[in-house]
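Trainee: turn this into a structure:
(chains A and B)
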Amino acid sequence: MRVKEHGFYKIAIKGLLPRQEHIRREILAQAHPAKKLPKKKTWLTPVLTGVAAVIVVCAAVPDARAAISQWFRENFSVQNYVAQPAEARPSTPELDALIDQAKPKDAEAVNSIEIVNVTPEWQKWADSLNPAVGDVFYDGKELIVSFDMGGGAAELIMGGVYTTGAESPFPISVRTGDPGYIKLNGTKYAYNVMSGPAESSFRKYQSLFEEDGPAGNRAAQRIREADTVPYTATIDFSRTSADYIADFDGLPEERQALILEEIKRAQQYDPEYTPFAFKTLPESRLSGIQEVEVNISLWATDYSKPAQEDAEGTTWQSEYIGMVKLRFSFDPTAGSQNKQIYEVSRTSEFTGEGTYRWADWESDPGYVTCTNKTIDMKGVTMTAKRIDSYASGAELYVSVTCPDDWDPLDKECFLSSLTPRVLGDGDALPTTGEQYGLKENGEDLGMCIYLKLLPSELDAIDTFEVIPVLSRYSGYDDMPYEEGRPTRIPKDAVHGWQEESTELTDCALQFSLK
Amino acid sequence: MEVSSSYERERNKQTDAEIYFNRIYRDTYSDILKFVIIKTSNADQVEDILQNIYKSFYTRISKKGYRDIQMPQAFLMQLAKKELSRHYKKSAVKKEREFDLEKFEDLVEADEIPFEQLVDHQEALRMVRDTVRRMPLLTYKSFMLFYYYDMSVAAIAKNLGVRESNIKTRLWRARNAVRKGLKGISL
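Mentor: Numbers count the residues shown, from 1 in each chain, chains lettered A, B, ... in the order given. Next up, the predicted model:
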């Protein structure tokens, strides 16, 4: 009955909430800025009229038409040009440049990184940076390049964590922007680049800020100790940038004007920003060594100063301060060669008693019975089998086995109550998901934990620790769970269980890849 | 083909800022609404606050672009905090009109209410909304977070900075008040 009540209240109070679509429409209606249309090009009409007049004369007067045709034949004969040996053809610089541009480079280019186009007040800070290109990975879809930024670490770290502000010991933060294009072998392509700090390296700062608040001493101490800051830039070759404009001339005038304004703003910090020149390149066309250039803007926010505000009440604090110009090369045919397998094969044995969530969905038609069960965990083992390292992350394979004499339902419920927490040198590592069961090739995954770790970050970790975490029921809706008393409820009414969890640190597994 | 061309026509009508805004609005709305419900000092102003937050966001990206906004969710959170502090300043002197729940201490069992039959009953739905709207602010927040966002009592207590028992008591009273009202509705 309580569940029906819950659902009823949910339906009833939905009417109390603001109407999402209504608000969106209101905002767009109110806030759409009035844009001035560009002045009409009054000179265009007489010019076009003149050109049209010449064409009409050419077409209508046979003598004039013959003379013009003869002149073109003498000066621009394709047959004559092609019939010559390549070395004997006269040089045409534009054509030569295009051919060179289309050819992939046959030698690996030198990777380089520099800070350019810096505003004067940030020049000293930019000079203190010592950036370096790290790893370059390509998995057939995404191209990931890592780069380190030495110097200016405090500002860069603050730009990578959510918790920042005037009360922080480091009130200035510097963040990277996301470019809307890349240069591939000198030609611009409409691929968006996601740039930012390498997640696992920043998670530790974020965790400390969350625990201690923005002025936390532990976070401040670690930021002071940091000398380099790892970043990644990711290009997804399966998606083109939303800014790509296929047919500018075919757009309505008002939209053209808005686009021109956007370009003008973008060019304030990236003089090369011209979306009309962008192209899209199917992934299958990538062959040979590719040279890539990416311009990543840097934005600083000084929280110790008041935000700027214009007459209409729009506030902002971030200011463009410079640009990271990143050049590197990669071989798209390398593909999955970037995968590296680390065999681990380390096992830990569980000890003591554990309380886990137990639920019987089968024996009572239409109902489920839930309770917490406590079991002697002697005989349970956890094995870290291996880590597969890829360009975009790592996969840790862990299997847990229970004693053969356990009831199958107990075993199933115990395993489903168990989740692993993975630490790298004491810091919690970011995970993006877990998978159980069999792979498509039939391999038993056991438990596969996906870690968001670049290969270089994986290499940097000395000790890994896998801590099993066992969860149990603590309540249902707002009613506390009555320990030891099974709850029988209709199957379709299962809703709102709360849980508590215990880290089984005595059963943790430690290993190293070195 | 027809779908594709109508999509193109629609896209051409929108500015890049609008396209970006619509995407971010769709992705962040639920979380920002929850944040505003948790932080607001006046339940009646949730819609206004939300509108101001997203209006500031739209104005900002229309004027200055969005290329420097690396984490839109975090950016909107900052705007929300700013808007809420403005809202606190405005409403600091206004005294909250609260609904006294103590008078509903007589327990009404859930079994006494035919919830299934009331789902389409407009008077019942309106009664629930009116009762919830007039609840004390903390009770209103607890009720919305528990029943709409399906948050656990522990999570609500943590977000609102009070003890779990406080939330449980408030939910119990609120529920009882609503049940009392529903009991009086004739089907």
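Trainee: did I read that right, residue A:473 in a strand?
Mentor: Yes. Looking at residue A:473 with DSSP: H, G, I helix; E, B strand; the rest coil, it is inside a strand.
Trainee: distance of it from residue A:499?
Mentor: Per CB to CB, to the nearest Å, residue A:473 is found 6 Å from residue A:499. Any C-beta I mention is one placed from the backbone N, CA and C, and that applies to glycine too.
Trainee: how about stretch A:222-231: buried residues?
Mentor: Residues of stretch A:222-231 classed as buried: A:223, A:228-231 (neighbour count, 16 or more other CB atoms under 10 Å in any protein chain shown).
Trainee: roughly how far does the spatially most central residue of chain A sit from residue A:234?
Mentor: For chain A, the residue nearest the mean C-alpha position is residue A:194 (5.3 Å; CA atoms, centre = their mean). Applying CB to CB, the value for residue A:194 to residue A:234 is 5 Å.
Trainee: ok so, going back, just flag the most distant two among the buried residues of stretch A:222-231.
Mentor: The distance between the two most remote of the buried residues of stretch A:222-231 (CB to CB) is 16.0 Å, for A:223 and A:231.
Trainee: max-length helix in chain B?
Mentor: Longest helix in chain B by number of residues (criterion: DSSP state H): helix B:16-39.
Trainee: briefly note if that one comes near chain A.
Mentor: Yes. Contact between helix B:16-39 and chain A, assessed by CB under 8 Å from any CB of the partner chain, occurs at B:16-22, B:25, B:29, B:33.
Trainee: give the ChimeraX command for selecting the buried subset of those.
Mentor: Selecting the buried subset of the residues of helix B:16-39 next to chain A in ChimeraX, with 16+ other CB under 10 Å as the burial test, is done by:
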select /B:16,17,18,20,21,25,29,33
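Trainee: would you format the residues of helix B:16-39 next to chain A as JSON lines with pLDDT included?
Mentor: Putting the residues of helix B:16-39 next to chain A into JSON lines (pLDDT from 0 to 100) gives the following:
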{"residue": "B:16", "pLDDT": "67"}
{"residue": "B:17", "pLDDT": "74"}
{"residue": "B:18", "pLDDT": "76"}
{"residue": "B:19", "pLDDT": "73"}
{"residue": "B:20", "pLDDT": "78"}
{"residue": "B:21", "pLDDT": "84"}
{"residue": "B:22", "pLDDT": "78"}
{"residue": "B:25", "pLDDT": "85"}
{"residue": "B:29", "pLDDT": "85"}
{"residue": "B:33", "pLDDT": "89"}
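Trainee: give me every residue that touches the residue nearest to the centre of chain A.
Mentor: By CB atoms under 8 Å, 6 or more residues apart in numbering or on different chains, the contact list for residue A:194 reads A:178, A:233-234, A:236.
Trainee: buried ones among those residues?
Mentor: With burial judged by 16+ other CB under 10 Å, the buried subset of the contacts of residue A:194 is A:178, A:233-234.
Trainee: all helices of chain B, in order?
Mentor: Counting by DSSP H, the helices of chain B are B:2-13, B:16-39, B:46-64, B:72-91, B:115-118, B:122-133, B:137-147, B:153-160, B:164-183.
Trainee: to residue A:127, which of these lies closest?
Mentor: Residue A:127 sits nearest to helix B:46-64 of all the helices of chain B, at 27.2 Å, using CB to CB.
Trainee: restricting to C-alpha, output the closest one in PDB.
Mentor: Coordinates of each C-alpha in helix B:46-64 appear next as PDB, following Å, rounded to 0.1, in the frame of the first residue of the first chain:
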ATOM      1  CA  VAL B  46      11.500  27.900  -7.400                       C
ATOM      2  CA  GLU B  47      10.300  28.600 -11.000                       C
ATOM      3  CA  ASP B  48      11.500  32.200 -10.900                       C
ATOM      4  CA  ILE B  49      14.900  31.200  -9.700                       C
ATOM      5  CA  LEU B  50      15.300  28.500 -12.300                       C
ATOM      6  CA  GLN B  51      14.200  30.900 -15.000                       C
ATOM      7  CA  ASN B  52      16.700  33.500 -13.900                       C
ATOM      8  CA  ILE B  53      19.500  31.000 -13.700                       C
ATOM      9  CA  TYR B  54      19.000  29.700 -17.300                       C
ATOM     10  CA  LYS B  55      18.300  33.200 -18.600                       C
ATOM     11  CA  SER B  56      21.700  34.400 -17.300                       C
ATOM     12  CA  PHE B  57      23.200  31.300 -18.800                       C
ATOM     13  CA  TYR B  58      21.600  32.000 -22.200                       C
ATOM     14  CA  THR B  59      22.500  35.700 -22.200                       C
ATOM     15  CA  ARG B  60      26.100  34.800 -21.300                       C
ATOM     16  CA  ILE B  61      26.600  32.300 -24.100                       C
ATOM     17  CA  SER B  62      24.900  34.600 -26.600                       C
ATOM     18  CA  LYS B  63      27.200  37.400 -25.800                       C
ATOM     19  CA  LYS B  64      30.500  35.700 -25.000                       C
END
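Trainee: ok, residue A:487 to chain B distance?
Mentor: Using CB to the nearest CB, to the nearest Å, we find residue A:487 at a distance of 16 Å from chain B.
Trainee: with residue A:347 instead?
Mentor: According to CB to the nearest CB, residue A:347 stands 35 Å off from chain B.
Trainee: and for residue A:396, nearest residue in space, chain neighbours not counted?
Mentor: In space, and not counting its chain neighbours, residue A:396 is closest to residue A:449: 4.5 Å by CB to CB, 6 or more residues apart in numbering or on different chains.
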